[in-house]
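Trainee: One predicted model, sequence on top.
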Amino acid sequence: MNTTRRQFAGLLGASTLAAHSPFAFAQDRTIRVLVGYAAGGAADTVARAVAEGVRGHGFNMLVDNKGGAGGRLATEALIAAPADGATLLMTPMGNLTLYPHVFKSLSYDPLKQFVGVGKACSMSFALAVSASSPAKTLKEFLDLARKDNALAAYGTPGAGTAMHFIGQLLGKAAKVPLAHVAYRGGSAAVTDAIGGVLPCAITTLPNLLPMHKSGKLRILAISDEAPLAALPGVPTFKSLGYGDLAITETFALFARAGTPAPLVAQLNKIVTEAVQSEKIASLLHKLEYQPQTATTEALDRQLREDHARWGQIVKASGYTPEDS
């Protein structure tokens, strides 16, 4: 075979391989990103910000909202999709690390069926009371709750959420019988807290910060490791002696296990570059999220570590797992 024919054969072989390889989706460079919540929610907002950044790197990310079952429908949809990198899941890590401990049965195993693609950002949680509440500090709130059971209730977006367990951990550490009130989403809890119907709400910081800044709520403590510039004078739970409440939520992209490692590495690179870009980092900051990136190895390690930590927290709380 002469040189020209060998070159042609090599090109033909490469073309045939590409047509049948898991990289074939890269021909139109379109990636579907599953989000288990409605448009406008935290996961959706983060997914769309990352998608905007990725477009600047030659790929087109299309957000596909599959709300329902607390995000589990989208997770199940990822498992049903091919492991070719063309379908990813943007999810709060808690859906993969906390859910296995609060539901009796899940149709997926997060430690075996997922591989980390890239981290986008983190957000913290906060405890807030109505602006009309006499409690100006967390200690004052706990003192009032200790004296009057009617003032010991706290609302969260739902049972089995990270915020539910933050309240349980706080009550246990402070020796105050805090009573959990589960709402269908954080907005309803915030509304009742503003109106004074609910003594306090524990939910995501982005959900509470605008109300705090407008003077409708008073944030008493946040779950970050360190104070935030956006909340001058507001302490962390950790600084108040509640070290176990240094809890944040990570938003990250995952692929099905079995997705080729070189493709996962390529996707990690473009997601990392997108999140670190000035435009997307600034957008996430403006929305009160903390931009963060990680290697796929670090993300997989965090998945395992957070899974173990939540297992210990749920077990210590005495929470009874529910049917999924």
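Mentor: Arrived safely.
Trainee: what about the residue lying closest to residue 94 once chain neighbours are set aside, distance to residue 186?
Mentor: Among residues not flanking residue 94 along the chain, residue 162 sits closest, at 5.3 Å (Cβ to Cβ, 6 or more residues apart in numbering). Where C-beta positions appear, they are placed from N, C-alpha and C, glycine not excepted. According to Cβ to Cβ, to the nearest Å, residue 162 stands 11 Å off from residue 186.
Trainee: And the strands in the stretch 201-324 of the chain, which stretches?
Mentor: In the stretch 201-324 of the chain, the strands defined using DSSP state E, counting those that start in this stretch lie at 217-222, 248-256, 290-291.
Trainee: quick revisit: my read is that the residue nearest to residue 94 contacts residue 249, right?
Mentor: Yes - contact criterion Cβ atoms under 8 Å: residue 162 and residue 249 qualify, at 6.4 Å.
Trainee: ok so, going back, which one of the strands of the stretch 201-324 of the chain lies closest to residue 105?
Mentor: Closest of these to residue 105 is strand 248-256, at 20.0 Å (criterion: Cβ to Cβ).
Trainee: got the angle for the closest one vs strand 217-222?
Mentor: 80 degrees (axes from the mean of the first three to the mean of the last three Cα atoms, to 10 degrees).
Trainee: Just list what strand 248-256 packs against, helices and strands only.
Mentor: Under the contact criterion of 3 or more Cβ pairs under 8 Å, 6 or more residues apart in numbering; DSSP states H and E, strand 248-256 touches helix 42-55, helix 72-80, strand 87-92, strand 114-130, helix 261-276, helix 296-317.
Trainee: repeat that for 7 Å
Mentor: For strand 248-256, the packing partners by 3 or more Cβ pairs under 7 Å, 6 or more residues apart in numbering; DSSP states H and E come out as strand 87-92, strand 114-130.
Trainee: any idea which of the ones you listed is most buried?
Mentor: Burial of those is given as mean neighbour count (mean count of other Cβ atoms under 10 Å); strand 87-92 ranks first at a mean of 26.
Trainee: helices or strands next to that one in the packing?
Mentor: strand 30-35, helix 42-55, helix 72-80, strand 248-256.
Trainee: in the stretch 1-150 of the chain, what spans have low per-residue confidence?
Mentor: Along the stretch 1-150 of the chain, the parts satisfying pLDDT under 70 run over 1-28.
Trainee: Next, the contact list for the one residue sitting closest to the centre of the chain, please.
Mentor: Computing the C-alpha centroid of the chain and ranking residues by Cα atoms, centre = their mean puts residue 92 first, at 2.2 Å. For residue 92, the contacting residues are 43, 249, 251, by Cβ atoms under 7 Å, 6 or more residues apart in numbering.
Trainee: bridging residues for the last one?
Mentor: The one in question is residue 251. Beta-bridge pairing for residue 251 (DSSP bridges): residue 92, residue 121.
Trainee: Confirm for me that it is in contact with residue 118.
Mentor: No - Residue 251 lies out of contact with residue 118 (Cβ atoms under 7 Å); the separation is 10.2 Å.
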